[in-house]
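> here is a sequence together with a model predicted from it:
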Amino acid sequence: MSANTVSGLWKKLAGKLSRSNKGSHSPTIIPRDDHGVSRSMISDSALKVIHRLNQSGHEAYLVGGGVRDILLGGDPKDFDVATDATPEQVRGLFRNSRIIGRRFRIVHVRFGREVIEVTTFRGSHDAPTSQSSPKGKHSARNEAGMLLRDNVYGSIDEDAMRRDLSINALYYSSRDFAIYDFVGGIDDLERRLIRVIGDPETRYREDPVRMLRVVRFAAKLDFDIETATEAPLRELAPLLGDIAAARMFDEVLKLFMGGRALQTYALMQRYGLFAPLFPATQRLLDEECPETQELIHQGLANTDARIAAGKPVTPAFLYAVLLWPVVKKLHKEVLEDGVPPIPALHQAAERCLHKQQQRIAIPKRFSLPMRDIWELQLRFERQSGKRASQLVEHRYFRAGYDFLLLREQSGEVSEQLSQWWQAFYEAQPTTRSDMQKHTNDAAERERNRRPRRRRRGPRKPS
Ligand code: ATP
Ligand code: MG
């Protein structure tokens, strides 16, 4: 979606709105003729969910990214529905649904590959709830004010106050086709502003992930961050260290795999939000090693470019980039203990991942290829013998080679090394064996000339 696109209907709306209601509990209502959201822009599945809930006597609205992105003239990634039906009631209405989450229970309603996320209106944690069951079961905080459970239900206006950003709290009704704005979200969309609902510090303490959401949407939409929303970020950033590692894995993917990784990263650095997620990488960045900075920049730019070109991106590659500087440093330390290069790399990878997993739980299906990508970097330095042909057959050769290119772009290895592998990869089998022979001869000459010195650096074809 182009962040600068403002749909024609949206323009019509701009300036027409009453701004007096911001923060109050009665909504600004934007009637169907004054906004650009129409049913044709909403997925049939989301409309089906809303319709069935309505038919069963429940309130149900489209909310969140779906409304926000349509108003900005874009294509929503997914559709979220908010309702007064409890998760159990929603579950009872849709055969293809399941309740997920403990901290924040929601229902996933599945239609083929599409999943509609249905959330029950959240209520205030301070006021008595409309539910008869004891609140402690539904609401819990730790000493720092972080919400450990957020399953207190309420009404639509309370729900709006519990959402993260004003632009994410717009409700579209398919009964009267109007948009309901309880928190000045329309104004903020118009002014291109990221604003946290309520007191930012309290809201960040309740859920520190909201700080990541602030920078993610600022980067994605190219919006400014409102002053009060921005103010506590740097000071509260360390609270991110308390977030469950499994939740963090998903959040990091959203940050770096949404097509605006470079801008997101720049904002994360500006507000100190990267350090609690990748402490070891940050320590190396703080040493102002230009190679480390360059590698991360190139890696994120490369991810953005691939997404823009519609090419696949894998979390394994992304995490391999973000942690490589750490692995490299640890590898050097293990080598100094006299361990041979490949086992030393395994040890370094193990140590790095063990520490990192405390912050971000990287599933095995990604951490295994990461180790392979790293190991390939070492193997690329040997071009002789049968090894090169075997390497080309490696299932992660392509990812490893792309990684080698990044290292070259960041000035870590010479251009000749990647050029050799590129040529070798593209060459016919006969040419390959010629290349190997050529390299073998060069290596032999090298050995004869300096018999005692063991080369560690990349062997380049002569
Ligand atoms: P997108 O799906 O395009 O990334 P989104 O705004 O729809 O953006 P979701 O993660 O799908 O984001 O969340 C749906 C909605 O739930 C949000 O728009 C917001 O209203 C609310 N929400 C999500 N996360 C939080 C949070 N941590 N605190 C408060 N509200 C949240
Ligand atoms: Mg969404």
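Thanks, I have it. Ligands and ions are numbered 1, 2, ... in the order given.

> which residue packs closest to the residue in the stretch 351-462 of the chain that ligand 1 sits nearest to, ignoring adjacent ones?
Nearest residue of the stretch 351-462 of the chain to ligand 1: I360, at 17.0 Å (Cβ to the nearest ligand atom). C-betas here are computed from N, CA, C, even on glycine. Counting by Cβ to Cβ, 6 or more residues apart in numbering, I360 lies nearest to M248, which is 4.6 Å off, once chain neighbours are set aside.

> count of neighbours near the one you found?
Neighbour count for M248, taken as other Cβ atoms under 10 Å: 20.

> now name the helix or strand holding it.
helix 245-256 (DSSP states H and E).

> hmm, that helix in reach of ligand 2?
No: Helix 245-256 is not in contact with ligand 2 by Cβ under 5 Å from the ion; minimum separation 10.0 Å.

> may I see the buried residues of that helix?
M248, F249, E251, V252, L253, L255, F256 (16 or more other Cβ atoms under 10 Å).

> so which residues of the stretch 351-462 of the chain form helices?
In the stretch 351-462 of the chain, the helices defined using DSSP state H, counting those that start in this stretch lie at 364-379, 387-392, 397-409, 415-426, 429-449.

> if you count contacts, what does the one helix or strand V334 maps to end up packed against?
Following DSSP H and E, one finds V334 within helix 315-336. Packing partners of helix 315-336 (3 or more Cβ pairs under 8 Å, 6 or more residues apart in numbering; DSSP states H and E): helix 245-256, helix 279-286, helix 290-308, helix 341-356, helix 364-379, helix 397-409.

> can I get the last one in PDB? Just the C-alpha atoms.
The C-alpha coordinates for helix 397-409 follow below in PDB (Å, rounded to 0.1, in the frame of the first residue of the first chain):
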ATOM      1  CA  PHE A 397      23.200 -23.200  -0.900                       C
ATOM      2  CA  ARG A 398      21.100 -20.400  -2.400                       C
ATOM      3  CA  ALA A 399      20.400 -18.800   1.000                       C
ATOM      4  CA  GLY A 400      24.000 -19.300   2.000                       C
ATOM      5  CA  TYR A 401      25.200 -17.700  -1.200                       C
ATOM      6  CA  ASP A 402      22.800 -14.700  -0.800                       C
ATOM      7  CA  PHE A 403      24.200 -14.400   2.700                       C
ATOM      8  CA  LEU A 404      27.700 -14.400   1.300                       C
ATOM      9  CA  LEU A 405      26.700 -11.500  -1.000                       C
ATOM     10  CA  LEU A 406      25.500  -9.500   1.900                       C
ATOM     11  CA  ARG A 407      28.800 -10.100   3.700                       C
ATOM     12  CA  GLU A 408      30.600  -8.900   0.600                       C
ATOM     13  CA  GLN A 409      28.400  -5.800   0.300                       C
END
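
> what residues does it touch?
294-295, 298-299, 302, 314, 316-317, 320-321, 324, 369, 372-373, 376-377, 380, 391, 394, 413-415, 417-418, 421-422, 425 (Cβ atoms under 8 Å, 6 or more residues apart in numbering).

> please name the residues that touch the residue in the stretch 301-450 of the chain that ligand 1 sits nearest to.
Per Cβ to the nearest ligand atom, I307 is where the stretch 301-450 of the chain lies closest to ligand 1, at 14.0 Å. When contacts are counted by Cβ under 8 Å, 6+ apart, I307 touches M257, G258, G259, V313.

> just confirm the third one is within a strand.
No: under DSSP: H, G, I helix; E, B strand; the rest coil, G259 sits outside any strand and is assigned coil.

> can you tell me how far V63 sits from ligand 2?
The gap separating V63 from ligand 2 is 9 Å, by Cβ to the ion, to the nearest Å.

> which positions in the protein make contact with ligand 1?
G64, G65, K77, D78, D80, R163, D164, N168, A169, D207, V209, R210 (Cβ under 6 Å from any ligand atom).

> could you redo the residues you listed as TSV and give each row secondary structure, pLDDT and neighbour count?
Shown next, in TSV, are the residues of the chain next to ligand 1 (DSSP: H, G, I helix; E, B strand; the rest coil; pLDDT from 0 to 100; neighbours: other Cβ atoms under 10 Å):
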residue	secondary structure	pLDDT	neighbour count
G64	coil	96	24
G65	helix	95	18
K77	coil	88	11
D78	coil	91	14
D80	strand	97	19
R163	coil	97	25
D164	coil	98	22
N168	helix	98	21
A169	coil	98	25
D207	coil	95	19
V209	helix	97	20
R210	helix	98	19
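
> looking at those, which is nearest R102?
D207 (14.6 Å; Cβ to Cβ).

> returning to that earlier point: what two of the contacts of I307 are the furthest from one another?
G258 and V313 (10.5 Å).

> hmm, back to that, nearest to Q55 among the residues of the chain next to ligand 1?
D80 (19.7 Å).

> let me see the ranges of the helices in the stretch 1-150 of the chain.
Counting by DSSP H, counting those that start in this stretch, the helices of the stretch 1-150 of the chain are 8-13, 44-55, 65-71, 87-93.

> looking at those helices, which is nearest to H25?
Here helix 65-71 is closest among those (Cβ to Cβ), at 19.3 Å.

> hmm, V107 is touching G101, no?
No: V107 lies out of contact with G101 (Cβ atoms under 8 Å); the separation is 9.4 Å.

> what's the burial count for M161?
Count around M161 with other Cβ under 10 Å applied: 18.
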